[in-house]
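1. Sequence and predicted structure, then a few things I'm wondering about:
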Amino acid sequence: MYSHKAELIALSQAYLTRGRTTYATPLYNALIGDVVAISAFGRTRLGKVVKLVGSRFVVAYMTPSNSQDVHYKTLPLNHLYPKD
């Protein structure tokens, strides 16, 4: 999972101007490797789906202030939003 670290650092620097509430609908389907928007640490973050656990998705993401630690969040499909 740490093999995605370079891409996650780039995603953490991406600035999202809209909050989670402005997304019309969550994703209908997500696959391993998809870049998605999630809510983490009180903000909208971009992350990458790295694993499936049953009907939930494990999303890896990083914060802009810390490029050392990779954080993971296990979420259902209705908490994943498109990145654009």
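-> Structure received.
2. What segments of this protein are strands?
-> Using DSSP state E, the strands found in the chain span residues 35-40, 43-53, 56-63, 66-76, 81-82.
3. Redo the ones you listed as TSV? Include mean pLDDT, mean neighbour count and distance to residue 11.
-> C-beta coordinates here come from the backbone N, C-alpha and C atoms, glycine included. Putting the strands of the chain into TSV (pLDDT from 0 to 100; neighbours: other C-beta atoms under 10 Å; distance: least, C-beta to C-beta, whole Å) gives the following:
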stretch	mean pLDDT	mean neighbour count	distance to residue 11
strand 35-40	90	20	7
strand 43-53	91	18	4
strand 56-63	93	20	7
strand 66-76	91	13	11
strand 81-82	88	18	14
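4. Run through the bridge partners of residue 51.
-> When bridges are taken as DSSP bridges, the partners of residue 51 come out as residue 58.
5. Of all the strands of the chain, which one is nearest residue 12?
-> strand 56-63 (4.1 Å; C-beta to C-beta).
6. Contacts for the closest one next, please.
-> Taking C-beta atoms under 8 Å, 6 or more residues apart in numbering as the criterion, the residues outside strand 56-63 that touch it are 1, 4-5, 8-9, 11-12, 30, 36, 38, 40-41, 45-52, 69-77, 80.
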